[in-house]
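**Q** sequence first, then the predicted structure:
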Amino acid sequence: MSKTRARSYVGETIRLVDLIPQNEWTLRDVGFEDCDVLGPAIVYVENDVEIGHCEWDAPDESALYWPIGPERQAITGAVVLEACSFSGCRMAGIGVAYSPDQESRIRAGFGS
C-alpha cells in the first residue's frame, strides 16, 4: 500500500460491514493488503481510494460494476469508501458503484 492509513489489515479475512461504525455508511482511512474481503456489499467509491492487484469473484463486469447516473441525488445501502486502500486482496460478493465521471479511474484501478 502506498499510503499509511489510520487502520490497516494484512492477510486477514474481513467482512466490510463489520468495520463500519454504528449508524454510519462510510468506511474511512482504512488499508487492506492481501486480505479476503467479504460481502455481500456494494461499495461506493468516494475520494482518495486506491485499488490495485485485487481479484474479484464476479461472473462478469456487468455484475461487478454499478454505474450511478447524475439524476440520482443520493444513495442508500452502499458502503461508502473514503481514503481507503486495497492491495492484493480477494473480493467476494462485492459490487462497485460509482458516478460516470469516475468510470475510467475505477476500471483502471480494478484491472478492467
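**A** Good, I have the coordinates. From a predicted model like this one, the values you see are computed outputs, not experimental measurements. Numbering: from 1, shown residues only.

**Q** okay, and for this protein, where does confidence drop off?
**A** 1-2, 109-112 (pLDDT under 70).

**Q** could I get the longest helix anywhere in the chain in PDB with only the CA atoms?
**A** For the chain, the helix that runs over the most residues, judged by DSSP state H, is helix 103-109. In PDB, the C-alpha atoms belonging to helix 103-109 read as follows (Å, rounded to 0.1, in the frame of the first residue of the first chain):
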ATOM      1  CA  GLU A 103     -15.600   5.200 -14.600                       C
ATOM      2  CA  SER A 104     -12.200   5.300 -16.300                       C
ATOM      3  CA  ARG A 105     -10.400   5.600 -13.000                       C
ATOM      4  CA  ILE A 106     -12.400   2.900 -11.400                       C
ATOM      5  CA  ARG A 107     -11.900   0.400 -14.200                       C
ATOM      6  CA  ALA A 108      -8.200   1.200 -14.400                       C
ATOM      7  CA  GLY A 109      -7.800   0.600 -10.700                       C
END
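
**Q** burial measure for Ile20, as a count.
**A** Residues lying near Ile20 (other C-beta atoms under 10 Å) number 17. Yep, even glycine has a C-beta here, placed from its N, CA and C like the rest.

**Q** which other residues reach stretch 85-93?
**A** The contact list for stretch 85-93 (C-beta atoms under 8 Å, 6 or more residues apart in numbering) reads 1-3, 5, 30-41, 49-57.

**Q** just the buried subset of the residues you listed, written out for PyMOL, thanks.
**A** Buried members of those, defined by 16 or more other C-beta atoms under 10 Å, are picked up in PyMOL with:
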select buried, resi 1+5+30+31+32+33+35+37+38+39+41+49+51+54+56
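
**Q** what residues are up against the residue most central in space within the chain?
**A** Residue closest to the average C-alpha location in the chain (C-alpha atoms, centre = their mean): Val43, at 4.8 Å. Residues near Val43 by C-beta under 8 Å, 6+ apart: 16, 78-81, 94-97.

**Q** checking Ala63 next. Helix, strand or coil?
**A** helix (DSSP: H, G, I helix; E, B strand; the rest coil).

**Q** how close does it sit to Asp57?
**A** 9 Å (C-beta to C-beta, to the nearest Å).
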